[in-house]
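> Here is a sequence with its predicted model. Questions after.
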Amino acid sequence: MTNHLAEVGRGSLRCSLCEEPAVTLVRYAKLRLCRKHFAEFVRRRVIKTIERYRLIKSGWKVLVAVSGGKDSSALLHILSEVSRQLNFEVVAVHIDLGIGEYSRKAREVVEKLCGILGVQLVVLDLKDLIGASLPELVTRSRRPACSVCGLVKRYLINSAALELGANAIALGHHMDDLLPYVVKNFITQDLGGIGKLGPGTESEEGLIGRVRPLYEISEREVALYAYVQGLPVVESSCPYTVRGGSIEEEVRRFLNSLEEGSPGIKIAFARALAKNLDFYKSRLLGQVGRCRYCGTPTSAEVCAFCRLTERGLGKPMGPAVRAKIREIVERGVKGFSKAVKNDRASSHKPGE
């Protein structure tokens with residue numbers, strides 16, 4: 001990102017909307033933008049995305065899943081900024097997976113960001129919830145780390161959203177996260193899987209809908225937004241991350257090369273996909289029932305989380321985890337309300 005800024009600076013480009021130095025050239029919009037106008041440009045596009053796909057309604061409570069990385073941190077900042085204009089409430093949830101120094105830094109970053117923004121934060125510590133960290137659960141379950149991580153996070157975030165009474169869960173998935181999987185699923189003809197990769201899903205009983213406000217924003221734009229806003233983010237990658245050699249990475253490079261020749265083609269792709277999501281959703285297989293342990297919607301007799309914990313820890317942990325999260329949420333709401341009240345009292349000037 002620094003190299004990109006340096007390249008723009010060497011060209012002495014000026015913002016199309018003012019005389020400040022430009023930090024980026026948005027080719028598909030034919031705009032050169034300074035720091036201020038680039039941030040405004042991104043926020044306006046997120047608002048248009050929310051409105052175009054009807055992702056968030058006035059009066060809603062939106063739970064933002066924040067890992068500490070640039071994508072979710074940028075999303076939280078943007079939503080906290082536009083929430084006043086669109087009249088919705090933002091609450092953040094962070095899952096401490098217990099991955100050594102990486103998790104410690106991630107939690108520290110999220111707590112700092114939420115403190116700056118004045119956003120209520122719910123922290124879920126996996127070790128406290130189930131008695132095992134992610135590395136321990138991976139070892140005991142003998143399943144791939146990324147598979148276990150994704151499963152655990154989906155279950156815990158949904159549980160927190162249910163206990164908070166959230167109307168939607170906002171995820172930091174941007175255009176470059178989603179489109180490579182769309183292409184891969186089409187190649188393998190997993191058409192039902194494509195149906196899960198749109199801008200949002202509807203809520204149903206026991207399952208809160210997901211929304212992706214960054215659906216039409218690129219990875220580069222998200223990274224630059226986090227940089228120009230000076231957001232605290234975790235610089236290091238998760239120790240379990242495997243890079244290179246995947247089909248998704250190959251597709252991503254191909255789509256980026258298309259974008260170079262035809263600016264805006266990825267946005268057009270994303271919008272076309274959104275228009276046809278009903279077709280792909282109709283290809284989803286399996287009848288949804290309820291987990292016999294925790295009641296979570298599932299296509300099997302037991303949900304994936306309860307199966308995982310039963311195999312790795314000797315018993316299904318769904319019911320116990322839901323009860324603990326309920327306690328955490330109740331304490332957090334009371335604590336946040338008290339802090340806001342004290343903050344307002346301390347900022348009240350004598351004689352006002």
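On my side now, so go ahead.

> hey, where'd the strands end up in the chain?
24-26, 31-33, 61-65, 89-96, 120-125, 168-170, 210-211, 289-290, 297-298 (DSSP state E).

> Select, out of these, the one closest to Val242.
Val242 lies closest, by CB to CB, to one member of the strands of the chain: strand 89-96, at 20.3 Å. (C-beta placed from N, C-alpha, C; glycine too.)

> just to revisit the earlier point, in JSON lines: the strands of the chain, plus mean pLDDT.
Formatted as JSON lines, the strands of the chain follow (pLDDT from 0 to 100):
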{"stretch": "strand 24-26", "mean pLDDT": "96"}
{"stretch": "strand 31-33", "mean pLDDT": "96"}
{"stretch": "strand 61-65", "mean pLDDT": "98"}
{"stretch": "strand 89-96", "mean pLDDT": "97"}
{"stretch": "strand 120-125", "mean pLDDT": "96"}
{"stretch": "strand 168-170", "mean pLDDT": "98"}
{"stretch": "strand 210-211", "mean pLDDT": "97"}
{"stretch": "strand 289-290", "mean pLDDT": "91"}
{"stretch": "strand 297-298", "mean pLDDT": "91"}
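
> okay if I get these as JSON lines plus mean neighbour count?
Converted to JSON lines, these look like this (neighbours: other CB atoms under 10 Å):
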{"stretch": "strand 24-26", "mean neighbour count": "20"}
{"stretch": "strand 31-33", "mean neighbour count": "21"}
{"stretch": "strand 61-65", "mean neighbour count": "24"}
{"stretch": "strand 89-96", "mean neighbour count": "23"}
{"stretch": "strand 120-125", "mean neighbour count": "20"}
{"stretch": "strand 168-170", "mean neighbour count": "26"}
{"stretch": "strand 210-211", "mean neighbour count": "25"}
{"stretch": "strand 289-290", "mean neighbour count": "14"}
{"stretch": "strand 297-298", "mean neighbour count": "18"}
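
> Let me have those in a markdown table, adding distance to Val42 as columns.
A markdown table is the format used below for the strands of the chain (distance: least, CB to CB, whole Å):
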| stretch | distance to Val42 |
| --- | --- |
| strand 24-26 | 10 |
| strand 31-33 | 9 |
| strand 61-65 | 16 |
| strand 89-96 | 17 |
| strand 120-125 | 23 |
| strand 168-170 | 15 |
| strand 210-211 | 17 |
| strand 289-290 | 40 |
| strand 297-298 | 34 |
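
> Quick one: closest of the ones you listed to Leu224.
Closest to Leu224 of the strands of the chain, according to CB to CB: strand 24-26, at 5.9 Å.

> Given that closest one, what are its sheet partners and their directions?
Strand 24-26 has its sheet partners listed here by DSSP bridges as strand 31-33 (antiparallel).

> any low-confidence regions in the stretch 151-300 of the chain?
Within the stretch 151-300 of the chain, the stretches with pLDDT under 70 are 243-245, 285-287.

> Quickly list the domain ranges of the chain.
What automatic domain parsing lists as the domains of the chain is 1-33, 40-234+262-283.

> Show the end-to-end separation of the longest one, please.
Pointing back at domain 40-234+262-283 there. 39 Å (CA to CA, to the nearest Å).

> List the single closest residue to Glu248 in space, sequence neighbours excluded.
Among residues not flanking Glu248 along the chain, Pro180 sits closest, at 4.2 Å (CB to CB, 6 or more residues apart in numbering).

> ok, now which ones touch the one you found?
Neighbour list for Pro180: Ile247, Glu248, Glu249, Val251, Arg252, Leu255 [criterion: CB atoms under 8 Å, 6 or more residues apart in numbering].

> from those, which would you call buried?
The neighbour count (16 or more other CB atoms under 10 Å) marks Val251, Arg252, Leu255 as buried among the contacts of Pro180.

> Ok, which of the strands of the chain comes nearest Ala160?
Nearest of these (CB to CB): strand 89-96, 4.8 Å.

> what about that closest one, distance to the chain center?
10 Å (CA atoms, centre = their mean, to the nearest Å).

> Please name the strands paired to that strand in the sheet, noting orientation.
strand 61-65 (parallel), strand 120-125 (parallel).

> contacting residues around the last one?
It stands for strand 120-125. 66, 91-96, 98, 107, 110-111, 114, 156, 160, 164, 325, 328-329, 332-333, 336.

> do the shortest one as well
Outside of strand 61-65, the residues that reach it under the criterion CB under 8 Å, 6+ apart are 56, 72, 75-76, 79, 83, 88-95, 119, 153, 157, 160-161, 164-172, 208, 211.

> same thing but at 6 Å, please
56, 76, 79, 88-93, 157, 161, 166-171 (CB atoms under 6 Å, 6 or more residues apart in numbering).

> hang on, the earlier thing: which among the buried ones among the contacts of Pro180 gets closest to Lys127?
Ranked by distance to Lys127 (CB to CB), these are led by Arg252 at 34.0 Å.
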